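J.: quick one, fold the following:
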Amino acid sequence: MTAFATYDTIKYEVDGHKATITLNRPDALNALSPHMITELRAAYDEAENDDNVWLMIVTATGRAFCTGADVKDIPGDGKVVNERPYLSTYE
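T.: Numbering: from 1, shown residues only. As a prediction, the model looks like this:
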C-alpha cells in the first residue's frame, strides 16, 4: 500500500487500483467533525482525480463505523458543514 497525503482524522492509502479511506477517530466513535469532513473531501478529491484508482473503500477503526455528526463540534447556528457535495459526481 502507498500512503498519500497525511491527515489527522482519516487514513488514505492506495493499493493498485484500490483507494482505502479509514475513519480514524475511534475515541469519538468516528463521529464526523467539520475537520474530518474537510479531510474526507480532500481524500475523495484525491481518489477521484487519480486515474489509477478504480475503486474506493471507506472503512473505520475502533468499535463503530461512524455515529454521525459530532454534536460537540456543531456550530451555534446548528448547521453541519453543508457547503458542497462530497463527491464531484454526486449532487
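
J.: how close does the residue positioned nearest the centre of the chain get to Asp73?
T.: When CA atoms, centre = their mean is applied to the chain, the residue found nearest the centroid is Leu40 (2.8 Å). Counting by CB to CB, to the nearest Å, the separation of Leu40 from Asp73 is 14 Å. C-beta coordinates here come from the backbone N, C-alpha and C atoms, glycine included.

J.: output the helix or strand that contains the residue nearest to the centre of the chain as CSV, restricted to C-alpha atoms.
T.: In the assignment (DSSP states H and E), Leu40 maps to helix 34-48. What follows is helix 34-48, C-alpha atoms only, in CSV (Å, rounded to 0.1, in the frame of the first residue of the first chain):
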residue,chain,number,x,y,z
PRO,A,34,-16.1,19.7,10.5
HIS,A,35,-12.3,19.0,10.3
MET,A,36,-12.9,15.3,9.5
ILE,A,37,-15.4,16.3,6.8
THR,A,38,-12.8,18.6,5.2
GLU,A,39,-10.3,15.8,5.3
LEU,A,40,-12.8,13.4,3.7
ARG,A,41,-13.5,15.8,0.9
ALA,A,42,-9.8,16.1,0.2
ALA,A,43,-9.3,12.3,0.2
TYR,A,44,-12.3,11.9,-2.1
ASP,A,45,-10.9,14.5,-4.4
GLU,A,46,-7.6,12.8,-4.4
ALA,A,47,-9.2,9.5,-5.3
GLU,A,48,-11.5,11.0,-8.0
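
J.: what comes up buried for it?
T.: Judged by neighbour count (16 or more other CB atoms under 10 Å), helix 34-48 contains these buried residues: His35, Met36, Ile37, Glu39, Leu40, Arg41, Ala43, Tyr44, Glu46, Ala47.

J.: mean confidence for stretch 25-41?
T.: Averaging pLDDT along stretch 25-41 yields 92.
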